[in-house]
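A.B. asks: What follows is a predicted structure for the sequence shown.
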Amino acid sequence: MALPALGVLPGRASGSVHLVDEPLTWRSGRSGPEVLALPALWWPPTEPLPPGVAAVVLHGTPNETGPPVGLPVIARVDPDVLREGEPMEVNGTLGRFRIEGVEEIEVVTAFLEGPDGRILLLERSDRVGSFRGRWAGVSGYLEEPTPLVQAVREVGEETGLLPGEIELAATGVPVLARDDARVFVVHPFRFRARRTEIRIDWEHTRSEWVVPDEILRRPTVPKLDRAWESVAPLPTKG
C-alpha cells in the first residue's frame, strides 16, 4: 500500500526529503533530486522552484493549486511523518506517497461516546505488543474487508457492546502516526453507545469515560488527539 494524501498536481517522482523551515530557502544544498516538504501557506511559490526539486509535499491544504510546475505536488501530509534526507516517492496523480524502508500498517481507532458526551479511554495492558500503559480508544489492526467492519468487531471484542448497542456518528479521514520505521494509518470512527457498562478484555487494564479534553492530559498512543479531532462533534453555536 501507499500512504494517503491529497493530490494537488499530477505526476510521479522520487527524491530525498528536505523539511523546509525557511520561506526563502527551499534547498538543502545536497546533491541529487529532492522532495521539498513545506507549509501549505507557502504554496503556490512566488519564484521558480530551485533546480533539483523532484516533487513537493505540503503540510495542510493550500488555498489554491497554483500554475503547473511540471512536477508532482501532494498535500495534507503531517510533517511528523517525515524525516530529513530519507528517500521518498510522491504520486500526485493518485494522491499517495511512499517512504523507503518504512512499514505501512493500517489500524482502526473507534471512540465510543456516551449519552453525556464523555468518551471511553482504555489503558493498554502489558500483554499487548505496542504502546503498553498508554491510553487509547478501541483499536486494532485492519483485518476485515473494510475499516468500519473492523471497528465494529473491535468494539465487540474490547468492550462487549454488540452492533445493535452502538450507532455510527462519524467517520474521519485517516491519520498518520510515525513510530520509528513504522507508519500507522489510523482510520478513526466515533460511535454513540447506548449503554456505558462495558467489559474490557485482556488487552486493557482500565477503562474510563472522560471528557474529550482529557486526551491531552494523558499518555496516549501516538496521534490519539488528531484521531479524535477527525471525528469530534462540531461545536454548537452559542
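C.D. replies: It's in.
A.B. asks: Report the contact partners of the spatially most central residue of the chain.
C.D. replies: Central residue of the chain (Cα atoms, centre = their mean): Val175, 1.3 Å from the mean position. Taking Cβ atoms under 8 Å, 6 or more residues apart in numbering as the contact definition, Val175 lies against 78, 185-186, 188, 223, 226-227, 230. (Glycine included, C-beta is placed from N, CA and C.)
A.B. asks: now, which of these lie within strands?
C.D. replies: The strands, defined by DSSP state E, take in 185-186, 188 from the contacts of Val175.
A.B. asks: Let's have these in JSON lines, adding neighbour count.
C.D. replies: Output for the ones in strands among the contacts of Val175, formatted as JSON lines (neighbours: other Cβ atoms under 10 Å):
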{"residue": "Val185", "neighbour count": "19"}
{"residue": "Val186", "neighbour count": "27"}
{"residue": "Pro188", "neighbour count": "28"}
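A.B. asks: Regarding stretch 218-230, how distant is the last residue from the first?
C.D. replies: Using Cα to Cα, to the nearest Å, the end-to-end distance of stretch 218-230 comes out at 19 Å.
A.B. asks: What residues of that stretch count as buried?
C.D. replies: For stretch 218-230, burial by neighbour count (16 or more other Cβ atoms under 10 Å) applies to 220-224, 226-228, 230.
A.B. asks: One more: stretch 39-59?
C.D. replies: Buried residues in stretch 39-59, defined by neighbour count with 16+ other Cβ under 10 Å: 40, 42-43, 45, 53-59.
A.B. asks: The protein: helices as residue ranges?
C.D. replies: Per DSSP state H, the chain carries helices over the ranges 147-159, 224-231.
A.B. asks: Where does pLDDT dip in the chain?
C.D. replies: 1, 236-238 (pLDDT under 70).
A.B. asks: Who is the residue nearest to the centre of the chain paired with across the strands?
C.D. replies: Val186 (DSSP bridges).
A.B. asks: What separation do you get for it and Thr109?
C.D. replies: According to Cβ to Cβ, to the nearest Å, Val175 and Thr109 sit 8 Å apart.
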